[in-house]
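Asker: next input, structure requested:
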Amino acid sequence: MASSWTWKKAIKVGAAAATAGGGGCALLYLTSVYNSDRKKEQVQQKLAASGLNKRPSKPLPTRADQLNSLANEQFDVLIIGGGATGSGCALDAASRGLKTAMVEYDDFSSGTSSRSTKLIHGGVRYLQKAIMNLDIEQYKMVKEALHERANLLEIAPHLSFPLPIMLPVYKWWQLPYFWAGIKAYDLVSGGDCLKSSYILSKSRALELFPMLKKNELKGAIVYYDGMHNDARMNISIAISAVRLGATVANHVKVVDLIKTDGIVSGAKVRNQLTGEEFSIKAKSVINATGPFTDSIRKMDDGQTRDIVCPSAGIHIMLPDYYSPSNMGLLDPATSDGRVIFFLPWQGLTIAGTTDTPCPVTNSPGPSESDIQFILSEVKNYLTPDIDVRRGDVLSAWAGIRPLVKDPNAGDTASLVRNHVVHVSDSKMVTIAGGKWTTYRAMAAETVDEAVEAAQLGVGPSMTDGLLLEGAHNWAPTMFIRLVQDLGVDTAVAQHLSDTYGDRAFSVGKMAGLTGQRWPIVGRRIHQEFPYIDAEVRYAVKEYAATAVDVIARRLRLSFLNVQAAEEALPIVVSIMADELGWDKEEQDKQTEDAMDFLRMQMGKDLNKASRDNIPVSLTKAEIAEYVKRFNALDDGKKGYISINDIRKSLKSQGVILTNEDVSALMATISVETHGSLDLPEFLQMMSAIKSGTVSHSRFAKMAEMDYKSKKYGEHMERSGGGV
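Answerer: Numbering: from 1, shown residues only. The predicted structure follows:
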């Protein structure tokens with residue numbers, strides 16, 4: 001019997017299962033928990049004997065070293081694609097002792113893997129379908145996902161955690177129906193159940209989620225799924241593979257496949273940053289390129305049929321006051337039958353997702369119609385006291401789901417519900433479909449196929465229970481040591497601990513002095529977020545090569561708040577220039593590329609368009625007041641007001657704007673106006689703020705302060721370093 005098994009636990013879980021389905025279910029549940037505990041113990045014993053779970057201490061090889069190895073060495077396996085599945089394949093292959101290479105066209109997790117709903121879940125809806133349709137395959141898919149969910153929370157506890165998700169009930173008949181389904185979810189989880197679900201009364205539900213619509217609310221059911229920082233998780237998987245000897249490189253594009261006697265034996269690649277081309281030789285090649293699966297398949301066989309059916313999922317970020325900090329919400333039936341999640345993430349609120357057919361592209365972007373759909377669904381579930389405003393959308397992004405058809409099936413119209421592993425006539429292995437939660441199981445199955453196809457002669461997968469980068473010595477209280485030992489503030493320490501795990505000390509030691517009494521070190525790159533200068537330097541060591549790599553994947557800033565990402569961009573570029581030796585021309589290019597990314601892929605252009613399309617809806621009195629304000633601020637009667645007008649006026653009153661303040665102000669004004677606003681544009685901005693189309697404007701706020709000081713002679717003070 002496993003040592004972790006106790007009668008106390010047996011009684012507890014047995015009682016829970018008995019509640020769900022009676023004595024027979026209780027026995028089944030107890031057996032599942034016991035078997036799960038015993039299996040976990042066996043896995044840990046195997047990993048301990050192999051030495052794979054020892055914390056690596058050697059420094060990471062540089063990106064230049066990795067590129068040199070790719071060009072000059074022979075590999076057992078070459079993986080194309082550095083998303084969750086591709087990185088999972090690299091880690092799986094390396095853990096078996098295979099000489100492993102992986103290349104990624106853009107950055108690790110730059111595609112779908114960084115644009116998920118952030119949930120690690122088994123699939124409540126899939127279980128419902130499995131039960132209703134008596135579908136054993138769907139049931140097995142849910143069972144596998146639930147095991148992988150539990151495993152991911154164990155191998156990366158700093159990056160993942162159980163999240164309670166509320167299912168509000170507005171009709172009495174739904175209460176037993178939903179409760180039975182959620183309890184079945186617990187039961188199928190068995191020993192991998194995170195926490196037991198429970199029912200809430202109306203008053204208790206409103207206490208835990210006060211933003212919820214009260215009218216006709218009967219109660220709620222709360223269940224648990226996992227949540228994580230998806231991009232950081234992906235990067236941790238890739239770095240873990242490097243720690244075990246894999247050679248990986250981002251910004252390396254496969255331009256063609258190499259064949260020897262009709263068998264794929266490598267790839268011709270191009271360094272996207274330098275244009276240099278070279279060949280990588282490998283005994284087996286794995287295609288793990290997500291939405292771009294078919295483009296690699298056609299390099300292998302130009303006549304092969306497409307198997308990917310791309311679908312776009314849109315998410316938006318809203319301020320923290322839209323949801324409690326520790327409770328999510330599930331809308332199981334939206335107006336068009338889709339499911340919407342409403343979740344706290346990284347101190348803000350994420351809402352999504354949609355499901356719309358789309359073309360495959362390297363730069364997917366959100367649409368205004370999808371943003372409006374999500375806002376309208378959010379509005380349906382929140383109390384009327386909360387004004388759901390378009391201007392509260394801090395960022396918006398699209399991720400392309402690679403839904404797939406089975407290439408072996410005769411019916412080309414039907415999509416598979418899980419994933420597909422296919423070996424071509426030339427022995428190239430393709431893995432497509434699936435979901436984030438099951439990346440490890442998918443990778444293990446894929447590498448199994450590659451080992452068999454290339455007759456590589458190694459043992460089975462070793463990644464179940466294999467700790468990821470940062471997990472080895474991490475503890476939930478580690479952030480306290482960061483505060484005490486390094487002198488960073490508590491919010492920064494918590495962020496470093498939850499992002500880098502036991503590598504947080506390595507990051508913190510690179511932090512610069514603040515010049516303040518407290519915190520001693522850790523200069524924030526943006527005052528509203530706990531990201532510090534050291535993280536940018538550390539990101540370069542972890543192969544970040546562009547400004548977008550940092551603001552999108554290493555810091556997540558562009559996903560959280562597109563405006564803040566733009567404001568932090570000069571600091572990020574400056575630090576990276578120090579690390580990578582960028583000249584002024586390269587810095588300008590990086591800034592321009594990052595701004596294009598924010599405009600096209602993170603919703604910045606849509607946020608601006610939504611403001612610009614709002615008609616001026618001010619009363620006559622308001623227009624008269626704003627015209628007076630505009631004229632008072634228009635120094636020299638030029639017909640427009642600029643930041644320099646405000647800066648000069650405030651300086652005469654003893655208020656000095658820093659360069660950071662000016663950059664923040666500039667970011668709120670349209671580029672087309674060259675840093676200035678004429679009267680119609682000024683009135684439109686004020687109207688947009690009034691209507692909620694934009695939630696704030698630093699320019700408008702500063703202009704108001706300046707105007708009031710001139711009119712009333714008020715004394716102004718800066719507070720908190722903001723504007």
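Asker: restricting to C-alpha, output stretch 133-151 in PDB.
Answerer: Extracted C-alpha coordinates of stretch 133-151, given in PDB (Å, rounded to 0.1, in the frame of the first residue of the first chain):
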ATOM      1  CA  ASN A 133     -23.900   9.600 -25.800                       C
ATOM      2  CA  LEU A 134     -22.400   6.700 -23.900                       C
ATOM      3  CA  ASP A 135     -19.100   7.500 -25.700                       C
ATOM      4  CA  ILE A 136     -16.300   5.500 -24.200                       C
ATOM      5  CA  GLU A 137     -13.600   7.300 -26.400                       C
ATOM      6  CA  GLN A 138     -14.700  10.700 -25.200                       C
ATOM      7  CA  TYR A 139     -14.700   9.400 -21.600                       C
ATOM      8  CA  LYS A 140     -11.100   8.200 -22.000                       C
ATOM      9  CA  MET A 141     -10.100  11.500 -23.400                       C
ATOM     10  CA  VAL A 142     -11.500  13.300 -20.300                       C
ATOM     11  CA  LYS A 143      -9.900  10.800 -18.000                       C
ATOM     12  CA  GLU A 144      -6.500  11.300 -19.600                       C
ATOM     13  CA  ALA A 145      -6.900  15.100 -19.500                       C
ATOM     14  CA  LEU A 146      -7.700  15.000 -15.800                       C
ATOM     15  CA  HIS A 147      -4.600  13.000 -15.100                       C
ATOM     16  CA  GLU A 148      -2.500  15.500 -17.100                       C
ATOM     17  CA  ARG A 149      -4.100  18.400 -15.300                       C
ATOM     18  CA  ALA A 150      -3.000  17.000 -11.900                       C
ATOM     19  CA  ASN A 151       0.400  16.100 -13.200                       C
END
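Asker: helix or strand with the lowest mean pLDDT in this structure?
Answerer: Within the chain, no helix or strand scores below helix 659-666, which has a mean of 55 by mean pLDDT, DSSP states H and E.
Asker: now for residue 306, how many residues are close by?
Answerer: As a burial measure, residue 306 scores 16 neighbours (other CB atoms under 10 Å). No exception for glycine: its C-beta is placed from N, CA and C like everyone else's.
Asker: no no, residue 570
Answerer: 16.
Asker: hmm, residue 147 and residue 153 touching each other?
Answerer: No: between residue 153 and residue 147 there is no contact under CB atoms under 8 Å: 11.1 Å.
Asker: for those two, indicate the residue with more neighbours.
Answerer: residue 147 (22 against 19).
Asker: can you give me the helices for the stretch 451-600 of the chain?
Answerer: 478-486, 490-500, 504-508, 533-541, 547-548, 557-560, 562-580, 584-601 (DSSP state H, counting those that start in this stretch).
Asker: and residue 264, how far from residue 323?
Answerer: 48 Å (CB to CB, to the nearest Å).
Asker: also residue 149?
Answerer: According to CB to CB, residue 149 stands 22 Å off from residue 323.
Asker: what packs against the helix or strand harbouring residue 180?
Answerer: If you go by DSSP states H and E, residue 180 is part of helix 174-189. Counting contacts by 3 or more CB pairs under 8 Å, 6 or more residues apart in numbering; DSSP states H and E, helix 174-189 packs against helix 7-50, helix 124-133, helix 136-155, strand 160-169, strand 219-228.
Asker: right, and the helix or strand after that helix?
Answerer: strand 198-201.
Asker: average model confidence for that following strand?
Answerer: For strand 198-201, mean pLDDT rounds to 96.
Asker: let me see the residues that make contact with it.
Answerer: 166, 175, 179, 208, 219-222 (CB atoms under 8 Å, 6 or more residues apart in numbering).
Asker: by neighbours, which of these wins?
Answerer: Using other CB under 10 Å as the neighbour criterion, residue 220 leads those with 25 neighbours.
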